[in-house]
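Q: From the sequence below, what's the structure:
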Amino acid sequence: MINFREEIIKILDEKIESLEPKEIDKMIEVPPNYELGDFAFPVFSLAKIYRKNPALIAEELAGEINSKYFEKVENKNAYLNFYINKSILTEEILKESVEKREDFGKENYGENKNVVVEYSSTNIAKPFHIGHIRSTVIGDSLKRIYKFLGFNTIAINHLGDYGTQFGMLIYAYKTWGSKEAIEKDPINELLKLYVKVNAVCEEDQEVKDECRYWFKELENGNEEAVEIWKWFKEVSLKEFNRVYDMLDIQFDSYNGESFYSDKMPALIEELRERNVLEESEGAEVINLDEYNLPPAIVVKSDGTTIYFTRDLAAAKYRHENYKPYKNIYVVGSQQSLHFKQLKAALKKAGFDWYDEIIHVPFGMVSLEDGTLSTRRGKVVYLEDVLNKATDKVREILNDREKEQNQKIENKEELAQTVGIGAIKFQELFNGRIKDYTFNWDKTLSFEGETGPYVQYVHARICSLLKKGNFDINNEIDATLLTEESEINIIRSLYNFTNIVEDACEKCEPYFITRYTVELAKNFNKFYNQTQILVDDEKLKDTRLLLCYTVKNVIATGLYLLGIKAPEKM
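A: Numbering: from 1, shown residues only. Take a look at the predicted model:
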């Protein structure tokens, strides 16, 4: 497809000797509305060079530009405004649609470079709660976005399956636990034990020391401790995978913290050899004063490690085994200091690949009556949220069956597709860094700019294509699409790949969420204003091809968000 931005760069590179193509590219803007053109180039910076009023420079340049790719180039307020040739643009979009079909907009931007994406990272023996949804769906969306753009993605669920809390749980199980009760209801029973042992530890130092002892025993390979820990992990994963199946989320690796336990001794020794470890109150730390960061503890005073040590080992392992272009961590913003320390520690230790570490932070989820806390047992299970959303859609579908006196096919599958899609869409609709308060009514709302709205538009187009006997091989004429509603769709389709690339570069799936809503709105305007199934066969087939393209892009947009696109609703 023609890259109109590149055409502008070529034109201006010939006209403006003082600027390099890369500088021109950075200066090109997209105006807030099409009345100001499809692209705009500010000329203020040229005033000193040409010693002229910027408006006069823009006027002279506009008069010199004559390109078949642009209907006109105008001077507006010292900006060069470029208006794309709509007939060429329409022809390019429809041609690409026929050639690429469901892969419309797909580019090999990543050239098969490896990208590691760590997300979800649930904690063994703790609930898979609503607080995990952000990392889980943002990470899965980023994996899909990178893959769509030609990267080779490695999805990692870095399970929280190690650390002091397992000493606490082992002690709690041995003191108060019931194997039968845990086998019957693993997460709830383990949560009760975790809440109880935390409460006791706050009051009783002896119990706290006993918990530390059991984690030390786990690290040392104590047979009983390892057996109990493995069992906790097994029953927890079984529960988690049921939720991942509901979310249609898969991982390439479940290597959690414990995977790196046998890799830490060699790493610690290497850090000593590199002279970056210092003694501090019996512990071994990496001093990060030069980076204006607090010291990072690598080995505690009792000889045990912490998750920072395991993250150092994990970063080194991933670098050596995956050779990643990026090693992305989708982890809450409250861990920002940790990742700054991780990156700085790797840099200080002389690992020249430290820059491949990318932290993708996101805001906190809280309940209306306070923050989530597994220590106090204050959680909303994610599975309950997903089931409640599915139940709500099922009720809507049941009512529709009664009203229309017609059975809905695959009702249960549709209820889950729309219900879970609504949860994901709402989660990905705003910038990831914002904190938000979880609210049932808002989360399960199906009004306005929602997932069900976009899914319905997709289903409507599928129905339209079937009714119009759409055939991609039918003869079309791109010049027949001249109405404003049609051109707005064409412009939106042209921007799709750029939107995905922006989402990739900025690790912001919400760019795609907002885009799919706007595309769906543009289609509905077109659908309501224009008769599509007209008698003129060529016009009908051309408009149906436009509809087909919109359908594919909406389906792709939803897929990149981890949401299914039903053909009937």
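
Q: before we move on, which element is the closest residue in space to residue 427 that isn't next to it in sequence in?
A: Nearest non-adjacent residue to residue 427, counting by CB to CB, 6 or more residues apart in numbering: residue 137, 5.3 Å away. In short, each C-beta sits where N, CA and C put it, glycine included. Element membership of residue 137 [criterion: DSSP states H and E] is helix 133-148.

Q: which ones are touching the residue nearest to residue 427?
A: 247, 424, 427-428, 561-562 (CB atoms under 8 Å, 6 or more residues apart in numbering).

Q: Residue 443: which of those is nearest?
A: residue 427 (8.2 Å; CB to CB).

Q: Where does pLDDT dip in the protein?
A: Counting by pLDDT under 70, the chain has low-confidence residues at 367, 369-378, 440, 444, 446.

Q: same thing but at 80, please
A: For the chain, the stretches flagged by pLDDT under 80 are 48-51, 163, 365-379, 436-448.

Q: distance of the closest residue to residue 325 other than its chain neighbours from residue 487?
A: Distances taken as CB to CB, 6+ apart place residue 113 nearest to residue 325, at 3.8 Å, with adjacent residues excluded. Using CB to CB, to the nearest Å, residue 113 is found at 36 Å from residue 487.

Q: Tell me where the stretch 301-450 of the chain has strands.
A: According to DSSP state E, counting those that start in this stretch, the stretch 301-450 of the chain carries its strands in the segments 326-330, 357-360, 365-367, 370-371, 436-438.

Q: now the angle from the longest one to helix 133-148?
A: So the one you mean is strand 326-330. With axes from the mean of the first three to the mean of the last three CA atoms, to 10 degrees as the basis, strand 326-330 and helix 133-148 are set at 150 degrees to each other.

Q: Can you say which of the contacts of residue 137 are buried?
A: 247, 424, 427-428, 561-562 (16 or more other CB atoms under 10 Å).

Q: got the contact list for the residue nearest to residue 325?
A: Residue 113 makes contacts with 151-152, 324-325, as judged by CB under 8 Å, 6+ apart.

Q: Those, buried ones only, as a ChimeraX selection?
A: To isolate the buried ones among the contacts of residue 113 in ChimeraX, judged by 16+ other CB under 10 Å, type:
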select :151,152,324,325
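
Q: for the contacts of residue 113, which one is nearest residue 335?
A: The nearest one, if we look at the contacts of residue 113 relative to residue 335 and count by CB to CB, is residue 324, at 19.6 Å.

Q: for that closest one, what are its contacts?
A: 113-116, 154, 318, 356.

Q: what about the residue lying closest to residue 481 once chain neighbours are set aside, which SS state?
A: Nearest residue to residue 481 in three dimensions, chain neighbours excluded: residue 90, at 5.2 Å (CB to CB, 6+ apart). Secondary structure, DSSP: H, G, I helix; E, B strand; the rest coil: residue 90 is helix.

Q: Could you measure from residue 90 over to residue 490?
A: For residue 90, the distance to residue 490 - CB to CB - is 5 Å.

Q: neighbour-wise, which of the two wins?
A: residue 90 (26 against 21; other CB atoms under 10 Å).

Q: how close does the more buried one sit to residue 172?
A: Distance from residue 90 to residue 172, counting by CB to CB: 67 Å.

Q: Point out the most buried one among the strands of the stretch 301-450 of the chain.
A: strand 326-330 (a mean of 23; mean count of other CB atoms under 10 Å).

Q: so how far is that strand off the chain centroid?
A: 11 Å (CA atoms, centre = their mean, to the nearest Å).

Q: Residue 537 - how many residues pack around it?
A: Neighbour count for residue 537, taken as other CB under 10 Å: 11.

Q: Please name the residues that touch it.
A: Contacts of residue 537 (CB under 8 Å, 6+ apart): residue 474.

Q: Begin at 15, not 1, for the rest of this chat.
A: All set: I'll call the first residue 15, so the last point we hit is now residue 551.

Q: Helices of the stretch 265-414 of the chain, start to end?
A: With helices called from DSSP state H, counting those that start in this stretch, the stretch 265-414 of the chain shows them at 278-287, 321-336, 350-362, 396-418.
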